[in-house]
Structures are given as structure tokens and as C-alpha cells.
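>>> starting from these lines, generate the structure:
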Amino acid sequence: MKGTMRPLARTNEVLSEELGSELLIYDERRDVACRLNRTAALVWRHADGERTVDDLVEVLREEIGDLADEDLVMVSLDQLSENGLLESGYEPQEIFASSVNRRRFIRRAGVVGGAALALPVVTSIVAPSSAAAAPAIYL
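Numbers count the residues shown, from 1 in each chain. Sure, this is the predicted structure:
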């Protein structure tokens, strides 16, 4: 199943801006801003609906080295999906499977070192509506 998945990043109603090696994405549809660290940003940028999970592993290997593996890509895709940043081509894993991938990656990468830097991080914040963001006027 993983070999046939071809995830497609959602780019419709999404604004993105590079911030060094990170990426800031504003989801206009949901009024949510997401900050993607380098790993999550690389997966999102290369999830073009043509590349498979194995292809995404290779993209990550070229950028971050031998730490990249299928577990890292799957954890990245789960986080992107959870935050509404994938259009299609990926079926999120059950929570247990996602936890196994994360633990397995950390265990393996802990031997190599740098696991914390490679783990994908997608942080989101709900943007306030314009009425909520306006200053209160007291009479």
C-alpha cells in the first residue's frame, strides 16, 4: 500500500513563505497558519502527486542524509494530513501505527544522532477573525 501512495500537497487556498529552512503556510480555507520545520517542509514541497513514499524517502536522503527513511516520511505525511495540508493520495495511518513509526525512527536515529533535528514538526495556530482581532471599543 505505501508503495502505491502518491501524496499531493494542498496548494489551493494556501499561501506559503520560506523562513530559512522552514516554511510558513497560511490556510485561507481554515484560517490556520502552520509552521513546518525543514523535514516537514521538504516532504510538503515534494508531495506532487507523482512521487511515491519511496521517492520522498530519496528526496529526504539527498537533503538530510542517512537519517531519512520510510518511518520519517510517514510521520511527516501524518502530520501534514492532520493539519489539512495534503489534497489527496495519502491515507493517514491509525494513531498506533503512526506512534510505532515515530518510536522506530527515534530509536534508529538515536544511534546515529540528530533525531530531534530530523523529526518533522508542524505547528499550527488558528488566526483570529477580523472582528476578534479588532480592538474593543468601550462606550
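
>>> hey, let's count contacts and neighbours off CA atoms from now on
Noted.

>>> so which residues of the protein form strands?
For the chain, the strands defined by DSSP state E cover 8-9, 14-19, 22-27, 32-36, 86-88, 122-126.

>>> can you flag the weakest of these by average pLDDT?
Note on these: lowest mean pLDDT is at strand 122-126, with a mean of 73.

>>> ok, residue 58 - contacts?
Applying C-alpha atoms under 8 Å, 6 or more residues apart in numbering, we find residue 58 in contact with residue 68.

>>> what's the spacing between it and residue 47?
For residue 58, the distance to residue 47 (C-alpha to C-alpha, to the nearest Å) stands at 12 Å.

>>> quick one: low-confidence parts of this structure?
1-3, 93-121, 127-139 (pLDDT under 70).

>>> let's have the strands of the chain in JSON lines, adding mean neighbour count.
Formatted as JSON lines, these follow (neighbours: other C-alpha atoms under 10 Å):
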{"stretch": "strand 8-9", "mean neighbour count": "22"}
{"stretch": "strand 14-19", "mean neighbour count": "13"}
{"stretch": "strand 22-27", "mean neighbour count": "20"}
{"stretch": "strand 32-36", "mean neighbour count": "21"}
{"stretch": "strand 86-88", "mean neighbour count": "19"}
{"stretch": "strand 122-126", "mean neighbour count": "15"}
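
>>> would you turn those strands into JSON lines with distance to residue 77?
Listed next are the strands of the chain as JSON lines, based on distance: least, C-alpha to C-alpha, whole Å:
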{"stretch": "strand 8-9", "distance to residue 77": "10"}
{"stretch": "strand 14-19", "distance to residue 77": "17"}
{"stretch": "strand 22-27", "distance to residue 77": "15"}
{"stretch": "strand 32-36", "distance to residue 77": "12"}
{"stretch": "strand 86-88", "distance to residue 77": "8"}
{"stretch": "strand 122-126", "distance to residue 77": "10"}
